[in-house]
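*Asks:* show me how the following folds:
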Amino acid sequence: MPRASAILLNGTSSAGKTTLATALQKAMPEPVLYVSNDKFIFMTPEHVLKDDAVRPKVLMPLLSAFHRSLPLIAGCGFPMIIDHVIERWDWMDEIAEALSGFDVYFVKVDCPLEELERREIARGDRQVGFAKMQLEWVHRYGDYDAEVNTFTHTLEDNVEALKQLLCSGARPQALERYRAMRTAQKNQA
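*Replies:* Below you'll find the model as predicted:
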């Protein structure tokens with residue numbers, strides 16, 4: 001069955017990326033790897049994550065290492081689902097560069113602000129207001145190959161849409177357009 005190397009899910013905290021990724025992983029007929037920026041972040045001791053002065057000094061190089069690990073994981077030959085909150089241009093640059101040799105669908109995971117805030121409160125393990133802050137910048141990196149909405153569509157519908165996308169044989173183009181845009185910006189500078 002033809003398929004892309006990966007689906008890169010980008011959305012705010014509490015948008016439903018993890019739920020979507022794990023459900024898609026279970027629905028696929030072959031082994032699919034699930035990689036997440038959170039899994040890298042939570043390798044860090046809890047006291048470091050709570051320290052506002054130390055946290056950025058640890059998280060920035062750690063997330064850069066996560067980005068650099070993506071082609072190694074994709075090189076295993078199994079499709080993968082990447083769960084990320086892309087908050088910075090340099091992160092997007094690292095991801096686009098690291099995955100330049102792979103077919104990767106860039107997918108927007110969307111959810112209305114009111115629902116994001118409701119989910120933050122209901123979960124109890126999220127800083128209320130974090131998703132609102134992320135919403136201001138997480139989707140600013142150009143267009144996507146596909147979009148899913150975890151509020152207006154059921155989990156099953158979103159999983160089926162992503163499963164079809166992954167197995168469609170259609171060539172992903174959003175990251176290629178992003179790389180071309182960034183190259184043009186650098187050439188103009």
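*Asks:* pLDDT value on the residue nearest to the spatial centre of the chain, please?
*Replies:* The chain has His84 as the residue nearest its centroid, 2.9 Å off, counting by C-alpha atoms, centre = their mean. The score at His84 is 96. That number is its pLDDT.
*Asks:* can you point out the buried residues in the lengthiest helix in the chain?
*Replies:* The residue-count maximum for a helix in the chain (DSSP state H) belongs to helix 55-74. Residues of helix 55-74 classed as buried: 58-59, 63, 66-67, 70-71, 74 (neighbour count, 16 or more other C-beta atoms under 10 Å). In this view, the C-beta of every residue, glycine as well, is placed from N, C-alpha and C.
*Asks:* swap in stretch 36-46?
*Replies:* By neighbour count, with 16+ other C-beta under 10 Å as the criterion, the buried positions of stretch 36-46 are 36-37, 40-41.
*Asks:* closest to Asn10 among those residues?
*Replies:* Distance to Asn10, by C-beta to C-beta, is smallest for Asn37 among the buried residues of stretch 36-46, at 10.3 Å.
*Asks:* next one: that closest one from Thr44, what distance?
*Replies:* Distance, Asn37 to Thr44, by C-beta to C-beta, to the nearest Å: 12 Å.
*Asks:* what are the ranges of the helices in the chain?
*Replies:* Shown for the chain, the helices assigned by DSSP H span residues 17-27, 37-41, 46-49, 55-74, 89-98, 113-123, 130-135, 155-167, 174-188.
*Asks:* return the residues in contact with Trp91.
*Replies:* Contact analysis of Trp91 by C-beta atoms under 8 Å, 6 or more residues apart in numbering lists 63-64, 67, 84.
*Asks:* may I ask which two of the residues you listed are separated the most?
*Replies:* Taking C-beta to C-beta as the measure, the contacts of Trp91 span a maximum distance of 12.8 Å, between Ser64 and His84.
*Asks:* so where's the longest strand in this protein?
*Replies:* If each strand of the chain is counted by residues according to DSSP state E, the longest one is strand 104-110.
*Asks:* quick one: end-to-end length of stretch 110-129, please.
*Replies:* Distance across stretch 110-129, first residue to last, is 16 Å (C-alpha to C-alpha, to the nearest Å).
*Asks:* buried stuff in it?
*Replies:* Those would be 110-111, 115-117, 119-120, 126, for stretch 110-129 by 16+ other C-beta under 10 Å.
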